[in-house]
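S.K.: The following comprises the amino acid sequence and a computationally predicted model.
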Amino acid sequence: YKRQQLDKQLRVAGWVWLGRDDEVRLLLPYLMNKLQDVGMPKATSVTSLGRHGPFWVGTSQTLQADAIFENGTGPVVFLDTKREKPAVRYNPGPLPNLQDLLAINEAIVIWPTLGWFMATPYKPLLEEMGVRFPILNVYGTKGSGKTSMIKVMQKLLGYTTPKTYDCTTTKFVSLSLMGSSNAVPIAFSEFRYSAGMAAEKFLRYVLLAYDTGHDPRGKADQTTVDYALSAPFSIDGEDIIADAAAKERIVAVLMHPETVREQTPYWLAFKRFVKEDLGTFALGYLQFTLKQSVAELWAEAEELSAVAFPNPLPDRVRNNLTVVVLGIVSYCKYTGTPLPNIAEVLDQVLVNVWSAGLGRSVALVDEFVEAVANHIVKGRDDFKYTVADNGRVAFFQLATAFAWWMRQRRVAGQSTLERDAIRNQLLERQVTRSTEPGQYIVGPEIQGTVSMYGIDLTRASSAGLDVPSIIHTRSININICLLYTSPSPRD
């Protein structure tokens, strides 16, 4: 209630408040009486962009299935919190020429990416149905067009200025962005594990956001601010998210630089497509999503997913694939595009997060076993181990091997599990428990005087772990040559 604060809201030069600071408060009852006299309009305000009931709320517009409300005139309006947020606008006009959209990259790249983005307007409704929304992870070598692809998709969904944020940006900016929307996608770029603890901290948002978690933060006055991690977001960079827990929460899309090299068909199609006015697509598509039955779309997507991938999959992996399929179905219904072969266009996405050899997603214990087995090959004595069965089984003592592995992970700024958790996961992978793929642990057995767990290297290698199928043991003969030098005459 300061004069300076009031002046900031008076956007016309002729509007000047000549009163004192303490008189600003007295202006409010006067204004309220005037508004009531003329039938003050009422509107519900929200602090997050996106889907709110039957309405789609933008920064300065509110969309209904068959109406557009401009500049705060809608039944639900956006209350600007002055924090970082997407800048979106939905312009009326004819559909852009979408012929080149599906030709700007390979089908195994464009369809999963497009499907994820086209599913984002349904995120709040899917969550009401108990469906969790995955994070999009676009990765590949420098120059593969990752950020360019993301920005094209942002334009299709109404971004006036496509924008990506650094994964290592401040915590306040990250939390503000993730709470600024419930259906408008946000993009983070340059994800690298070499960022150390910053990358690990960002992975916490991946884990929490998958279940639309909250991250309350304390203030100096002992109050708290609750940040809802509600925005769908993408991550791009040269590294794939390899964290075992996070990997089941992502849709991973691999891109290659040779695909979009200059003068290739994909490069030429991209150059043509970005010249189109993509902003008009968003208005029609978002109003289309406001008319759809999400339950029916989900049922159709589930059926297509089951046909494309009939083998049992982990619940999260199946959920994530089905969300992408829903986005593909929605896009095809809106544009009249024939459905692609779901199995073909999403197979690589599945391979990136799920191991057919293991019959499950890679877990942290698998990374532990890979590290231990490959360290044994080096012949180092950082922990107790022995090799048996002609090099086919590598036995290790859990206590010493775990202490070595934990040190290596912490130096690299990577997450670990406690020893009891690793032990339980090793026991779950005992060969005697099941004949299914992914069972490669022998024991524990007494080797010498120590209880050790054994890695059946042949089975582990066949399951897809990056370990040798056999360790070649060899004896080293050391010839010691004693040289005798006769004393000199002086001696």
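M.R.: Perfect, thanks for sending it.
S.K.: tell me which element residue 207 falls in.
M.R.: helix 197-210 (DSSP states H and E).
S.K.: can you pull the buried residues of that helix?
M.R.: 198, 199, 202, 203, 205, 206, 209, 210 (16 or more other CB atoms under 10 Å). All C-beta atoms are positioned from the backbone trio N, CA, C, and that covers glycine.
S.K.: And for stretch 331-342?
M.R.: Those would be 331, 334, 340, 342, for stretch 331-342 by 16+ other CB under 10 Å.
S.K.: again with stretch 57-74
M.R.: 57, 58, 59, 60, 61, 62, 63, 68, 69, 74.
S.K.: Can you give me the end-to-end span of that stretch?
M.R.: 9 Å (CA to CA, to the nearest Å).
S.K.: What's the per-residue pLDDT of residue 319 here?
M.R.: Looking at residue 319, its pLDDT is 94.
S.K.: any idea of the mean pLDDT in the helix or strand that contains residue 424?
M.R.: Assigned by DSSP H and E, residue 424 belongs to helix 419-428. Taken as a whole, helix 419-428 has an average pLDDT of 90.
S.K.: Which strands or helices does that helix pack on?
M.R.: If you count contacts as 3 or more CB pairs under 8 Å, 6 or more residues apart in numbering; DSSP states H and E, helix 419-428 packs onto helix 364-378, helix 398-411.
S.K.: could I get those as CSV with distance to residue 90?
M.R.: Putting those into CSV (distance: least, CB to CB, whole Å) gives the following:
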stretch, distance to residue 90
helix 364-378, 44
helix 398-411, 47
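S.K.: and the ones you listed as JSON lines, adding distance to residue 352, mean pLDDT and mean neighbour count?
M.R.: Formatted as JSON lines, those follow (distance: least, CB to CB, whole Å; pLDDT from 0 to 100; neighbours: other CB atoms under 10 Å):
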{"stretch": "helix 364-378", "distance to residue 352": "15", "mean pLDDT": "89", "mean neighbour count": "19"}
{"stretch": "helix 398-411", "distance to residue 352": "23", "mean pLDDT": "90", "mean neighbour count": "16"}
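S.K.: re earlier: C-terminal to the helix holding residue 424, what's the next element?
M.R.: strand 441-447.
S.K.: how about the longest helix seen in the chain: buried residues?
M.R.: Secondary structure of the chain per DSSP state H: the longest helix is helix 315-335. For helix 315-335, a neighbour-count test (16+ other CB under 10 Å) marks 316-331, 334 as buried.
S.K.: Phi and psi next, for the residue positioned nearest the centre of the chain.
M.R.: Relative to the mean C-alpha position of the chain, the nearest C-alpha, by CA atoms, centre = their mean, is the one of residue 135, at 3.1 Å. Here is the backbone geometry of residue 135 (degrees, to the nearest 10): phi -100, psi 140.
S.K.: Residue 273: neighbour count?
M.R.: Residues lying near residue 273 (other CB atoms under 10 Å) number 19.
S.K.: Give the burial count for the closest residue to it other than its chain neighbours, as a bare number.
M.R.: In space, and not counting its chain neighbours, residue 273 is closest to residue 100: 4.0 Å by CB to CB, 6 or more residues apart in numbering. Using other CB under 10 Å, residue 100 is surrounded by 18 other residues.
S.K.: coming back round to it: with distance to residue 453 and pLDDT added, can I get the buried residues of stretch 331-342 in CSV?
M.R.: CSV is the format used below for those (distance: CB to CB, whole Å; pLDDT from 0 to 100):
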residue, distance to residue 453, pLDDT
331, 49, 96
334, 54, 95
340, 45, 94
342, 40, 95
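S.K.: Residue 302 - that's part of a helix, no?
M.R.: Yes - under DSSP: H, G, I helix; E, B strand; the rest coil, residue 302 sits within a helix.
S.K.: Now for the closest residue in space to it that isn't next to it in sequence: which residues touch it?
M.R.: In space, and not counting its chain neighbours, residue 302 is closest to residue 322: 5.5 Å by CB to CB, 6+ apart. Residues in contact with residue 322, defined by CB atoms under 8 Å, 6 or more residues apart in numbering, are 131, 298, 301, 302, 305.
S.K.: was I right about the residue nearest to the centre of the chain contacting residue 208?
M.R.: No - if you go by CB atoms under 8 Å, residue 135 and residue 208 don't touch, sitting 10.8 Å apart.
S.K.: overlap in contacts of the two?
M.R.: What both residue 135 and residue 208 touch, as defined by CB under 8 Å, 6+ apart, is an empty set.
S.K.: Can you pull out the low-pLDDT segments for the stretch 1-150 of the chain?
M.R.: For the stretch 1-150 of the chain, the stretches flagged by pLDDT under 70 are 1, 39-41.
S.K.: Name the residues that touch the helix holding residue 207?
M.R.: So helix 197-210 is contacted by 132-135, 167-168, 171, 174, 178, 188, 191-193, 213-215, 229-231, 233, 235, 241, 243, 245-246, 249-250, 413-415 (CB under 8 Å, 6+ apart).
S.K.: Which of these fall within helices?
M.R.: Using DSSP H, these in helices are 171, 174, 178, 245, 246.
S.K.: ok, the last one - how many residues close by?
M.R.: Taking other CB under 10 Å as the neighbour definition, residue 246 ends up with a count of 21.
S.K.: Also the second one?
M.R.: Taking other CB under 10 Å as the criterion, the count of residues near residue 174 is 24.
S.K.: list the contacts for it?
M.R.: With CB under 8 Å, 6+ apart, residue 174 has these contacts: 165, 188, 202, 205.
S.K.: one step back: nearest spatial neighbour of the residue nearest to the centre of the chain, chain-adjacent residues omitted?
M.R.: Using CB to CB, 6+ apart, the closest residue to residue 135 is residue 250 (4.9 Å).
S.K.: how close does that neighbour get to residue 320?
M.R.: Using CB to CB, to the nearest Å, residue 250 is found at 7 Å from residue 320.
S.K.: Mutual contacts of the two, please.
M.R.: With CB under 8 Å, 6+ apart as the test, residue 250 and residue 320 both reach 134, 353.
S.K.: quick one: low-confidence ranges for the stretch 151-300 of the chain?
M.R.: 196-197, 212-226.
S.K.: Show me the strands in it, by range?
M.R.: When assigned using DSSP state E, counting those that start in this stretch, the strands of the stretch 151-300 of the chain occupy the ranges 165-166, 186-189, 214-218, 224-228, 233-237, 250-255.
S.K.: can you list those strands in JSON lines and add mean neighbour count and distance to residue 48?
M.R.: Converted to JSON lines, these look like this (neighbours: other CB atoms under 10 Å; distance: least, CB to CB, whole Å):
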{"stretch": "strand 165-166", "mean neighbour count": "16", "distance to residue 48": "17"}
{"stretch": "strand 186-189", "mean neighbour count": "22", "distance to residue 48": "12"}
{"stretch": "strand 214-218", "mean neighbour count": "12", "distance to residue 48": "13"}
{"stretch": "strand 224-228", "mean neighbour count": "14", "distance to residue 48": "8"}
{"stretch": "strand 233-237", "mean neighbour count": "25", "distance to residue 48": "13"}
{"stretch": "strand 250-255", "mean neighbour count": "24", "distance to residue 48": "23"}
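S.K.: can I get the ones you listed in JSON lines with distance to residue 385?
M.R.: Formatted as JSON lines, those follow (distance: least, CB to CB, whole Å):
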{"stretch": "strand 165-166", "distance to residue 385": "42"}
{"stretch": "strand 186-189", "distance to residue 385": "41"}
{"stretch": "strand 214-218", "distance to residue 385": "42"}
{"stretch": "strand 224-228", "distance to residue 385": "46"}
{"stretch": "strand 233-237", "distance to residue 385": "35"}
{"stretch": "strand 250-255", "distance to residue 385": "34"}
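S.K.: Many thanks, have a good one.
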